[in-house]
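Student: for reference, the sequence and a predicted model appear below.
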Amino acid sequence: MDGKFTWNYRFVNTPAENDGRDWITLKEVHYDDAGKPTGFGDPCVGADNIDDVLWLTDCWAEAATKPVLREEEFE
């Protein structure tokens with residue numbers, strides 16, 4: 001990651017949220033300086049204007065091109 005704290009949208013499998021069964025949801029994932037995922041939260045689903053909504057949908061589409069993370073990858 002270039003030495004600074006960063007985040008992006010990723011799909012994360014979180015069985016803990018679904019009685020132990022697979023549950024893949026879009027999350028806002030945060031990374032440490034080494035690029036290791038350190039935490040996640042629910043994504044922003046609204047914006048102040050349509051340009052920001054379009055930016056969000058681009059971010060979500062990019063998340064679909066990356067491997068699904070698993071909740072045990074987080075500390």
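Tutor: Yep, that arrived. All figures in this text were calculated on a predicted structure; none of them were measured in a lab. Numbering: from 1, shown residues only.
Student: report the buried residues of stretch 17-35.
Tutor: Within stretch 17-35, the residues scored as buried using 16 or more other Cβ atoms under 10 Å are 26-29, 31. All C-beta atoms are positioned from the backbone trio N, CA, C, and that covers glycine.
Student: and that stretch, how far out from the chain's middle?
Tutor: Chain-centre distance of stretch 17-35: 6 Å, with Cα atoms, centre = their mean, to the nearest Å.
Student: ditto for stretch 10-28
Tutor: Worked out by Cα atoms, centre = their mean, stretch 10-28 lies 11 Å from the chain centre.
Student: straight-line length of that stretch, end to end?
Tutor: Using Cα to Cα, to the nearest Å, the end-to-end distance of stretch 10-28 comes to 6 Å.
Student: quick check: mean pLDDT of that stretch?
Tutor: Average pLDDT, stretch 10-28: 96.
Student: residues in contact with it?
Tutor: 7-9, 29, 37, 40-44, 60, 63-64, 66, 68-71 (Cβ atoms under 8 Å, 6 or more residues apart in numbering).
Student: please repeat the previous calculation with a cut-off of 7 Å.
Tutor: 7, 9, 29, 40-43, 60, 63-64, 66, 68-71 (Cβ atoms under 7 Å, 6 or more residues apart in numbering).
Student: circling back: redo the buried residues of stretch 17-35 as TSV? Include secondary structure and distance to residue 20.
Tutor: Shown next, in TSV, are these (DSSP: H, G, I helix; E, B strand; the rest coil; distance: Cβ to Cβ, whole Å):
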residue	secondary structure	distance to residue 20
26	strand	20
27	strand	18
28	strand	24
29	strand	22
31	strand	27
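Student: what's the end-to-end length of stretch 30-49?
Tutor: Across stretch 30-49, first to last residue, Cα to Cα, it's 25 Å.
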